[in-house]
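Enquirer: from the sequence below, what's the structure:
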Amino acid sequence: MSPPALALFTETVCQRIKGVAGYEALQTRIESIRELLDRYNASLVAARNRGISEIMVKNRNHRNLIELLNLLAADLEIAAADNEQLIVDAGFDLRAERGPAFSGKLPPPEILKAGSTGRRGEVRLVLKNAFPRAVTMHAVEYSADLAESWRNGSYHSRQIFTVEGLPSSGNLMIRVKGLGNAGRKSEWSDPVLVAVL
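Expert: Numbering: from 1, shown residues only. As a prediction, this is how the structure comes out:
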């Protein structure tokens, strides 16, 4: 999504949710998004001058805005329960219907990108699943001793997410496993090495 399209989408979502009955549980998140959107719009204008620092600020605000929108989408799914109209009215699309159940062996996810978010104990992962509709969850493990032993990290339902609570290390290994319906699970992905603040 282009920066202007992201700004417009976010503005629309804020207008549709802020102060509207049925979205009471989301008001604090909307306030945070609204504040970040104002900073994002200002950084878009500043980045037009092509200064490196201005572009870096714009890119950081862009990532933060997408992350907050992902959190809002997750909160909205919980708040909406079975009322899909609340999701549509807020300006979001419904998730595509799941196709027929996947019946084969799940291949391991591929870690396309892994890197520190710049915050203590956080790493952002971007995954690719060969059969994304067959994967309902990802299990994350990490190793601080170069794969001698592994510790449970967290579980995430998306292919782009932030893992939190990791130990500070210049050489932390992370691997991911795909979990699907009917108890299906993939093998672990190839581990990646990341530096964590």
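Enquirer: what's the closest non-adjacent residue to Ile87?
Expert: Ala80 (5.1 Å; CB to CB, 6 or more residues apart in numbering). Just so you know, the C-beta spots here come from the backbone N, C-alpha and C atoms, and that holds for glycine as well.
Enquirer: and the most centrally placed residue in the chain, what does it touch?
Expert: The centroid of the chain falls nearest to Phe161 when counting by CA atoms, centre = their mean (3.5 Å). Residues near Phe161 by CB atoms under 8 Å, 6 or more residues apart in numbering: 70, 124-125, 138.
Enquirer: tell me the one of these nearest Gly115?
Expert: Arg124 (6.0 Å; CB to CB).
Enquirer: Ala147 contacts Pro191, doesn't it?
Expert: Yes. The criterion here is CB atoms under 8 Å, and Ala147 meets it with Pro191 at 6.2 Å.
Enquirer: spit out the residues that contact those two alike.
Expert: Common neighbours of Ala147 and Pro191 (criterion: CB under 8 Å, 6+ apart): Met173.
Enquirer: looking only at neighbour counts, state which of the two leads.
Expert: Shown here are Ala147 and Pro191; by other CB atoms under 10 Å, Pro191 has more neighbours (19 against 11).
Enquirer: ok, now which ones touch that one?
Expert: Shown in contact with Pro191 (CB under 8 Å, 6+ apart): 143, 147, 173-175.
Enquirer: of the residues you listed, grab the buried ones for ChimeraX.
Expert: Selection of buried members from the contacts of Pro191 for ChimeraX, criterion 16 or more other CB atoms under 10 Å:
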select :143,173,174,175
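Enquirer: return the member of the contacts of Pro191 nearest to Leu36.
Expert: Closest to Leu36 out of those is Ile174 (27.2 Å), distances taken as CB to CB.
Enquirer: is that closest one in contact with Ser154, as I believe?
Expert: No. Ile174 is beyond contact range of Ser154, at 10.7 Å (criterion: CB under 8 Å).
Enquirer: list residues touching both of these two?
Expert: Listed as contacting both Ile174 and Ser154 by CB under 8 Å, 6+ apart are 140, 163.
Enquirer: helices of this protein, start to end?
Expert: Remark: helices assigned in the chain by DSSP state H are 3-17, 27-47, 52-80, 84-89.
Enquirer: put together JSON lines for the ones you listed, with mean pLDDT, distance to Lys105 and mean neighbour count on each row.
Expert: Formatted as JSON lines, those follow (pLDDT from 0 to 100; distance: least, CB to CB, whole Å; neighbours: other CB atoms under 10 Å):
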{"stretch": "helix 3-17", "mean pLDDT": "89", "distance to Lys105": "37", "mean neighbour count": "16"}
{"stretch": "helix 27-47", "mean pLDDT": "89", "distance to Lys105": "38", "mean neighbour count": "16"}
{"stretch": "helix 52-80", "mean pLDDT": "85", "distance to Lys105": "29", "mean neighbour count": "16"}
{"stretch": "helix 84-89", "mean pLDDT": "82", "distance to Lys105": "32", "mean neighbour count": "14"}
